[in-house]
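Asker: 3D model of this:
(2 chains)
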Amino acid sequence: GQSLEQPSEVTAVEGAIVQINCTYQTSGFYGLSWYQQHDGGAPTFLSYNALDGLEETGRFSSFLSRSDSYGYLLLQELQMKDSASYFCAVSPYGQNFVFGPGTRLSVLP
Amino acid sequence: GAVVSQHPSWVICKSGTSVKIECRSLDFQATTMFWYRQFPKQSLMLMATSNEGSKATYEQGVEKDKFLINHASLTLSTLTVTSAHPEDSSFYICSARADTEAFFGQGTRLTVV
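Answerer: Just a heads-up that it's a prediction; the model follows:
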């Protein structure tokens, strides 16, 4: 089976940098994805790591280390609109995605 | 990116009635779609995998007779919550996979009164 762990909550101030960690246990998977979900909305795709290393997309970066079964999402220059829940997800060798428990990020003024 | 449309976005129904939720892939064909349920402040839990032209695959603990899934075409999957009860009130989200991304419908907030 697959299981993922994330911190339940993170709080930071506008303009700061925050890192959301994700550790996982899975027998095999294609890659690690990150999704953002605002209250009442559907998840939206943020980033995907198929290979070890850092992927950068604007203010967001994501990192994967398969040897450590670990990844993180890095958010820079935080804005109030970044307040949301963030989910890491793995896609086992199949088609569905398994989501972590989610991290609720609160950005304070 | 790919677009998945889900309808309705919210529905209120009386206990004991049935509700149908539609999920459409608008600009790509999806042989497989996924139905998730999300309770407040919790993660997305996979309920079932919908396969075009064949029976859905349900996750352990999900009643297939209560949550009927039909995937009659490559662009449409439906989830029918039969004999709904207040404990079925939740946020239901469908998704379809395109390459390495999962694209989600807007979600349906079901409230059973």
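Asker: lowest average confidence, helix or strand, in chain B?
Answerer: Within chain B, no helix or strand scores below strand B:101-104, which has a mean of 84 by mean pLDDT, DSSP states H and E.
Asker: which residues are contacting it?
Answerer: Identification of contacts with strand B:101-104 by Cβ atoms under 8 Å, 6 or more residues apart in numbering or on different chains yields A:33, A:35, A:42-45, A:48, A:89, A:91, A:97, B:1-4, B:6, B:25, B:34, B:93-97. Bear in mind the C-beta positions are built from the backbone N, C-alpha and C, glycine included.
Asker: quick one: buried ones out of those residues?
Answerer: Listed as buried from the contacts of strand B:101-104 are A:33, A:35, A:42-43, A:45, A:48, A:89, A:91, A:97, B:4, B:6, B:25, B:34, B:93-97; burial here means 16 or more other Cβ atoms under 10 Å in any protein chain shown.
Asker: let's see stretch A:7-23 as CSV, backbone CA atoms only.
Answerer: Extracted in CSV, the C-alpha atoms of stretch A:7-23 (Å, rounded to 0.1, in the frame of the first residue of the first chain):
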residue,chain,number,x,y,z
PRO,A,7,2.4,18.5,8.7
SER,A,8,-1.2,19.4,9.5
GLU,A,9,-0.7,23.1,9.7
VAL,A,10,1.9,25.7,8.8
THR,A,11,1.7,29.5,9.5
ALA,A,12,3.9,32.2,8.0
VAL,A,13,3.8,35.9,7.2
GLU,A,14,3.5,37.6,3.9
GLY,A,15,6.8,37.8,2.0
ALA,A,16,8.3,34.8,3.9
ILE,A,17,9.4,31.5,2.6
VAL,A,18,7.8,28.3,3.7
GLN,A,19,8.6,24.6,3.2
ILE,A,20,6.0,21.9,3.4
ASN,A,21,7.4,18.4,3.7
CYS,A,22,6.0,15.1,2.6
THR,A,23,7.3,11.7,3.5
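Asker: residues contacting B:I21?
Answerer: Contacts of B:I21 (Cβ under 8 Å, 6+ apart): B:Q6, B:H7, B:P8, B:V11, B:T78, B:L79, B:T80, B:V81, B:Y92, B:C94, B:T108, B:L110.
Asker: at 6 Å what do you get?
Answerer: B:L79, B:Y92, B:T108 (Cβ atoms under 6 Å, 6 or more residues apart in numbering or on different chains).
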